[in-house]
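# what's the 3D shape of this:
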Amino acid sequence: MSYPISPAISDIFSELVFSATTGGGPGGQHVNKVSTKVTLRWSIQESAIISDEQKAILLSKLANKLTKEGELLLSSHESRSQLKNKEEVIRKLSSLIQQVFERKKARKPTKPGKAAVQRRIDAKKKLSEKKKWRRE
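Sure, this is the predicted structure:
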């Protein structure tokens, strides 16, 4: 089975909806007056750009990050600048999508080495001796 490639942010950019609100973070009184917190909304189910296979993968792996309507919500309010927060939220989306489509390496089962087994047995014997002396 071939694994689908990750969609590019530049391709889905037209489907992203940005909104700015007042938010916490550094800035003192500035944050109360200026809308610098940026929230990104992306409806994965209604996306016309990504394939059905990519949608299925995104919906299953991001299930805990989606709203009831199936929208992905990401926000950023670290900076005092709305532009920097917008760039940050785009970077978050990019890394999230990259993580979803990253192939995980298969774990190869291994056995402990002879020295490790011997150390474990010696430690058990020492503990046993210690407990034996407490009983006597």
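
# poorly predicted segments of this protein, please.
Within the chain, the ranges that satisfy pLDDT under 70 run 1-4, 24-27, 31.

# in which helix or strand would I find the most centrally placed residue in it?
The chain has L96 as the residue nearest its centroid, 5.5 Å off, counting by CA atoms, centre = their mean. Using DSSP states H and E, L96 sits within helix 82-100.

# contacting residues around the following helix or strand past that helix?
Reading on from helix 82-100 to the C-terminus, the next helix or strand found by DSSP H and E is helix 114-135. Here helix 114-135 makes contact (CB atoms under 8 Å, 6 or more residues apart in numbering) with P112. Quick note: C-beta positions are derived from backbone N, CA and C, even for glycine.

# let's see helix 114-135 as PDB, backbone CA atoms only.
This file holds the C-alpha atoms of helix 114-135, laid out as PDB (Å, rounded to 0.1, in the frame of the first residue of the first chain):
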ATOM      1  CA  LYS A 114      23.800 -11.400  28.200                       C
ATOM      2  CA  ALA A 115      25.500  -8.700  30.400                       C
ATOM      3  CA  ALA A 116      22.100  -7.000  31.000                       C
ATOM      4  CA  VAL A 117      20.500 -10.300  31.900                       C
ATOM      5  CA  GLN A 118      23.400 -11.100  34.300                       C
ATOM      6  CA  ARG A 119      23.200  -7.600  35.900                       C
ATOM      7  CA  ARG A 120      19.400  -8.100  36.500                       C
ATOM      8  CA  ILE A 121      20.000 -11.500  38.100                       C
ATOM      9  CA  ASP A 122      22.800 -10.200  40.300                       C
ATOM     10  CA  ALA A 123      20.600  -7.300  41.500                       C
ATOM     11  CA  LYS A 124      17.800  -9.700  42.300                       C
ATOM     12  CA  LYS A 125      20.200 -11.900  44.300                       C
ATOM     13  CA  LYS A 126      21.500  -8.900  46.300                       C
ATOM     14  CA  LEU A 127      17.900  -7.800  47.100                       C
ATOM     15  CA  SER A 128      17.000 -11.400  48.100                       C
ATOM     16  CA  GLU A 129      20.100 -11.500  50.400                       C
ATOM     17  CA  LYS A 130      19.200  -8.200  52.000                       C
ATOM     18  CA  LYS A 131      15.600  -9.300  52.700                       C
ATOM     19  CA  LYS A 132      16.800 -12.700  54.000                       C
ATOM     20  CA  TRP A 133      19.100 -10.900  56.600                       C
ATOM     21  CA  ARG A 134      16.100  -8.800  57.800                       C
ATOM     22  CA  ARG A 135      14.100 -11.900  58.500                       C
END
